[in-house]
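Visitor: Structure, please.
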Amino acid sequence: MMIIIMAVNLSSIDLNLFLVLHAVLEERSATGAAARLNVTQSAVSNALARLRRLMDDPLVVRHGRGIVPTPRAEELAPLLREATDRLALAIDRRGFIATETTRTFTIALSDNYQASEVPRIAHAVAVRMPRATLRVVSTDYLAASDGLASGDIDVAFSPEQAVQSGMRSAALFEERAALIVRRDHPRVGTRMTRELFNELPHVDVHVVLGQPGTGHRVAQRAWERAHVRRRVVLTVPYFIIAAMAAAETECVAALPSRMAGLCVRLLPLKQVRATFPLPRMNTVMVWHQRTDADPGAKLFRDIVLECGRAR
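Guide: Model prediction:
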């Protein structure tokens, strides 16, 4: 059996005709359709006449004081309803439905925030947008892809000093440094003096493409103001590796406090109190201005802000 498929050239068809038919089928009246579409009744009649020739079917016939659809029109009715509803949803920004969206939302984070923040964000996204997908990428990916500007990444965590032109930002929290050493460190008790800090070996973290990023430079200036110096003997790309190295050596690791608390619970480490000021840094959520008004992106940002500010 041969099946012949005929392609329809939509560019040659006035799609407004189908909007008229949809209104007529919904209203069961040419007069009602004209009022709904804010056009004259003769305009509705002319549109129906053109569509009848196109479809080679009467589509609607008079019955008493109203009209009834032909079987062909009844077949078209649900298709027209779905098409117009979807088109209205696409045009109307208020039409975003959180519980139905299947979008993928992407957040860029360094590994410390992946560990401390992503579990709460993932739970909140699952509750608010159960059919959506959460995608987490690294700060390396963010730097290499320029993903905020391209739309590949929705939001990122960043030091406030790193916010660039064309970006929007919202404050999340103040991050403080915390000092951790192995639990049975032979030289460190419960506190760290300047002298001991300067003498001990340190593990450093370069989270962006193997180079010191903005956060690192902010911390370095804070170390200088506190009149301390770090004798770095190991540099790694992830905070979790710095913590693991500290657990196996006599190195000191300076971690963001949220990550430090997690590592102390999971590894044979202890957090020690410094007798001098430790670096502090304001962490913000950033996004590109091109997605500022998008309702889906806005809801995702609201979820991230609520989770980040929860502590």
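Visitor: Run through the strands of the stretch 101-250 of the chain in chain order.
Guide: Read by DSSP state E, counting those that start in this stretch, the stretch 101-250 of the chain holds these strands, from start to end of the chain: 104-108, 133-137, 155-159, 167-182, 191-192, 201-205, 231-236.
Visitor: any chance of these in JSON lines, plus mean pLDDT?
Guide: Conversion of these to JSON lines gives the following (pLDDT from 0 to 100):
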{"stretch": "strand 104-108", "mean pLDDT": "95"}
{"stretch": "strand 133-137", "mean pLDDT": "96"}
{"stretch": "strand 155-159", "mean pLDDT": "93"}
{"stretch": "strand 167-182", "mean pLDDT": "94"}
{"stretch": "strand 191-192", "mean pLDDT": "96"}
{"stretch": "strand 201-205", "mean pLDDT": "97"}
{"stretch": "strand 231-236", "mean pLDDT": "97"}
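Visitor: ranking these by burial, who's on top?
Guide: For these, the stretch with the most neighbours on average is strand 155-159, a mean of 24; neighbours defined as mean count of other CB atoms under 10 Å. No exception for glycine: its C-beta is placed from N, CA and C like everyone else's.
Visitor: Against which helices or strands is it packed?
Guide: Strand 155-159 is packed against strand 104-108, helix 214-225, strand 280-288, helix 295-308, with contacts defined by 3 or more CB pairs under 8 Å, 6 or more residues apart in numbering; DSSP states H and E.
Visitor: out of those, deepest packed?
Guide: Ranked by mean neighbour count under mean count of other CB under 10 Å, the helices and strands packed on strand 155-159 are led by strand 104-108, which reaches a mean of 21.
Visitor: Sheet-wise, list the partners of that one with their directions.
Guide: Paired neighbours of strand 104-108 in the sheet (DSSP bridges): strand 133-137 (parallel), strand 155-159 (parallel).
Visitor: which residue sits farthest out from the middle of this structure?
Guide: Farthest-out residue of the chain from its mean C-alpha position, per CA atoms, centre = their mean: residue 64, at 55.8 Å.
Visitor: any idea how far residue 73 is from that one?
Guide: Summarising the geometry, the distance separating residue 64 from residue 73, computed by CB to CB, to the nearest Å, is 17 Å.
Visitor: longest helix anywhere in the protein?
Guide: Once the chain is assigned using DSSP state H, the helix that runs over the most residues is helix 71-91.
Visitor: Packing partners of that helix?
Guide: On a contact count with 3+ CB pairs under 8 Å, 6+ apart, helix 71-91 meets helix 16-27.
Visitor: and the helix it packs on with helix 71-91, angle?
Guide: Using axes from the mean of the first three to the mean of the last three CA atoms, to 10 degrees, the interaxial angle of helix 16-27 with respect to helix 71-91 works out to 110 degrees.
Visitor: So for helix 16-27, mean pLDDT?
Guide: What helix 16-27 shows for mean pLDDT is 86.
Visitor: Same check on stretch 290-305?
Guide: Per-residue pLDDT over stretch 290-305 has a mean of 91.
Visitor: could I get it in CSV with only the CA atoms?
Guide: Written as CSV, here are the backbone C-alpha positions of stretch 290-305 (Å, rounded to 0.1, in the frame of the first residue of the first chain):
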residue,chain,number,x,y,z
ARG,A,290,18.9,39.6,29.1
THR,A,291,17.0,37.2,31.3
ASP,A,292,16.0,39.8,33.9
ALA,A,293,12.3,39.8,32.8
ASP,A,294,11.9,36.1,32.0
PRO,A,295,9.3,34.6,34.4
GLY,A,296,11.0,31.2,34.6
ALA,A,297,14.4,32.6,35.2
LYS,A,298,13.0,35.0,37.8
LEU,A,299,11.3,32.2,39.8
PHE,A,300,14.6,30.2,39.7
ARG,A,301,16.5,33.2,41.0
ASP,A,302,13.9,33.6,43.8
ILE,A,303,14.4,30.0,44.8
VAL,A,304,18.2,30.4,44.9
LEU,A,305,18.0,33.5,46.9
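Visitor: now what about it, what contacts it?
Guide: Stretch 290-305 is touched from outside by 93-94, 96, 98, 101, 103, 105, 107, 121, 124-125, 128-129, 149, 151, 154-155, 168, 170, 172, 285, 287, with contacts defined as CB atoms under 8 Å, 6 or more residues apart in numbering.
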